[in-house]
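1. Need a 3D model of the following:
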Amino acid sequence: MPLWKVHYPVGAYSAQDKRNSPKCHRDVFKDSDPKFYVVMILRKSPQSSFYVGGASHRKFVRLKLEHMARTCPPHHQGMVGEGGRPS
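-> Okay, the predicted model is just below:
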């Protein structure tokens, strides 16, 4: 059950981007999960509240993924190594 949390500053996504993005991400799991399992939360922050490296940043998106109770399909295996670190 994938949960995608996307934190972004105002202006990073258009209304169309926000409508299309969850559908695109859902399609990544179309062969392994029912579509209602795939959850995406878009969290908008004022530009004055979005900092990267201690400095205000307008063009940075933070993505947090949680994936529970699944085995990765064979075409995704090897992307993450021991302890969750990239292989």
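2. Could you name the helices and strands sitting against the worst-scoring helix or strand of the chain on mean pLDDT?
-> Ranked by mean pLDDT, DSSP states H and E, the weakest helix or strand in the chain is helix 15-28, scoring a mean of 83. Contact here means 3 or more C-beta pairs under 8 Å, 6 or more residues apart in numbering; DSSP states H and E; on that basis helix 15-28 packs against strand 2-9, strand 39-45. Heads up, the C-betas are built off the backbone N, CA and C, glycines and all.
3. Could you name the helices and strands sitting against the longest one?
-> By that I understand strand 2-9. By 3+ C-beta pairs under 8 Å, 6+ apart, strand 2-9 packs against helix 15-28, strand 39-45, strand 62-67.
4. Let's see that with 7 Å instead.
-> strand 39-45, strand 62-67 (3 or more C-beta pairs under 7 Å, 6 or more residues apart in numbering; DSSP states H and E).
5. For A15, give its distance to R26.
-> Computed as C-beta to C-beta, to the nearest Å, the A15 to R26 distance reads 18 Å.
6. what about these two, which has more around it?
-> R26 (19 against 7; other C-beta atoms under 10 Å).
7. Mind putting the helices and strands packed on helix 15-28 into JSON lines with distance to G53 and mean pLDDT?
-> Compiled in JSON lines, the helices and strands packed on helix 15-28 are given as follows (distance: least, C-beta to C-beta, whole Å; pLDDT from 0 to 100):
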{"stretch": "strand 2-9", "distance to G53": "14", "mean pLDDT": "88"}
{"stretch": "strand 39-45", "distance to G53": "16", "mean pLDDT": "89"}
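8. quick one, which of those strands is packed in tightest?
-> strand 2-9 (a mean of 18; mean count of other C-beta atoms under 10 Å).
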